[in-house]
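**Student:** Fold the following, please.
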Amino acid sequence: MVEQCEQADITNFNIDFLLVGVAKGGTSSIASMVEKSICLQSPKFKETGFWSSASIWYKNCPKLGWFHKKQISDWDLYRKEFSSNPKLKTFEASPDYFYHSDLVIERLKSLNQKPNIWIILRNPVRRAYSHYLHFIRDGVFDDDMNFIDAFHQDKLCENSWSLDIRGAGEYAKDLENYLTSGLNVQVDIFEELFSCDEILFARMNDFFNMEIYTGDIPLENKSGQPRSQYLMRMLTSDNKFKLLIRKFMWPRFRNWIYRKIEFINLKKVPISKEDNKKALEFYEKDIEKVSSLLGRDLKHYWR
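**Tutor:** Numbers count the residues shown, from 1 in each chain. As a prediction, the model looks like this:
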């Protein structure tokens with residue numbers, strides 16, 4: 001089916017759709033699919049952090065890379081991230097917006113913005129474990145650090161949820177903020193949403209009120225245990241090899257090559273039953289609160 005684009009409001013800039021997370025909840029994959037839509041546009045700079053004032057939170061976090069320190073704080077600069085095409089509605093995906101829900105809601109209201117909000121919640125233990133593997137992959141954690149030690153360690157940066165793999169799985173407070181904000185909020189459960197293509201596509205269409213995508217689901221920002229740490233560091237850190245490749249490869253082809261090598265180099269290492277049980281005990285009360293907010297028992301999926 002060909003997408004039928006509804007005319008966007010051209011009198012003022014509006015952000016129409018925000019996918020706010022959670023982290024490791026499929027936001028990158030969905031954002032990649034949305035980029036192929038002829039009716040929607042995303043900012044040129046991925047995860048601008050504008051609505052959460054992210055540039056304030058991350059400027060003193062040495063463990064975070066350059067990407068997390070260049071967020072946009074100026075309204076005019078944010079608007080320039082999008083084209084002026086009146087046929088395109090605006091969309092941004094950023095898990096940062098879930099964890100700073102109070103700031104995001106306040107800023108949206110101050111600028112008279114009423115976007116549709118999409119929240120995808122994932123089993124908090126599996127989310128934390130994926131976060132842990134992500135940090136092993138990128139060298140934030142030492143290669144020999146085990147999951148439970150990483151789970152219970154103190155925050156690596158006081159203001160950054162992204163360096164707190166345990167705290168980023170506590171959803172109740174931020175979920176309640178959005179549900180009581182007066183905004184139109186859609187909440188999905190990761191384990192249901194990604195159980196089959198038909199469910200994901202149907203929920204995407206519900207959220208955007210149009211048919212968005214019917215192709216293969218891309219696997220973005222994959223977590224896993226590197227088979228070769230040396231190769232992973234070659235891909236994720238600045239070095240002479242990457243500088244040389246930049247001179248001879250187009251950016252899209254270069255990034256495609258990086259992702260292919262990265263995916264091949266990562267192996268899936270499942271969480272042990274013992275570690276899963278230990279981490280789940282930490283989240284029991286929060287899961288009860290989330291279940292109450294959504295009016296359903298999530299212990300069936302999150303165990």
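**Student:** From now on I want contacts and neighbour counts done on CA atoms only, so please keep to that.
**Tutor:** Noted.
**Student:** how far is the biggest helix by length in the chain from where the chain is centred?
**Tutor:** Secondary structure of the chain per DSSP state H: the longest helix is helix 273-294. With Cα atoms, centre = their mean, to the nearest Å as the basis, helix 273-294 stands 21 Å off its chain's centre.
**Student:** Residue 74: how many residues sit nearby?
**Tutor:** 10 (other Cα atoms under 10 Å).
**Student:** Next one: it relative to residue 25, how far apart?
**Tutor:** 28 Å (Cα to Cα, to the nearest Å).
**Student:** got the contact list for the longest helix of the chain?
**Tutor:** 124-125, 147-148, 151, 169-172, 175-176, 297-299, 303 (Cα atoms under 8 Å, 6 or more residues apart in numbering).
**Student:** Closest one of those to residue 44?
**Tutor:** residue 175 (27.7 Å; Cα to Cα).
**Student:** residue boundaries of the helices in the chain?
**Tutor:** Under DSSP H, the chain gives helices at 27-34, 54-58, 75-80, 96-99, 101-110, 124-138, 147-152, 172-179, 190-193, 197-208, 229-236, 240-248, 251-265, 273-294.
**Student:** Would you mark the buried spots in the first one?
**Tutor:** What that stands for is helix 27-34. 27-28, 30-34 (16 or more other Cα atoms under 10 Å).
**Student:** could you dump these to TSV with distance to residue 276 and pLDDT?
**Tutor:** Output for the buried residues of helix 27-34, formatted as TSV (distance: Cα to Cα, whole Å; pLDDT from 0 to 100):
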residue	distance to residue 276	pLDDT
27	23	92
28	25	89
30	27	92
31	29	90
32	30	87
33	31	88
34	33	88
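**Student:** For residue 195, state which of the contacts of helix 273-294 is nearest.
**Tutor:** Of the contacts of helix 273-294, the one sitting nearest to residue 195 (Cα to Cα) turns out to be residue 298, at 15.6 Å.
**Student:** Report the contact partners of that closest one.
**Tutor:** Residue 298 neighbours (Cα under 8 Å, 6+ apart): 287-288, 291.
**Student:** Just among the residues you listed, which is most surrounded?
**Tutor:** Neighbour counts for the contacts of residue 298, by other Cα under 10 Å, peak at residue 287, which reaches 22 neighbours.
**Student:** For residue 118, see how far away it is.
**Tutor:** For residue 287, the distance to residue 118 equals 19 Å [Cα to Cα].
**Student:** What of residue 37?
**Tutor:** Residue 37 is 17 Å from residue 118, by Cα to Cα.
**Student:** separation between residue 34 and residue 50?
**Tutor:** For residue 34, the distance to residue 50 - Cα to Cα - is 20 Å.
**Student:** Quick check: residue 88 touching residue 35?
**Tutor:** No. Between residue 88 and residue 35 there is no contact, the gap being 11.6 Å when judged by Cα atoms under 8 Å.
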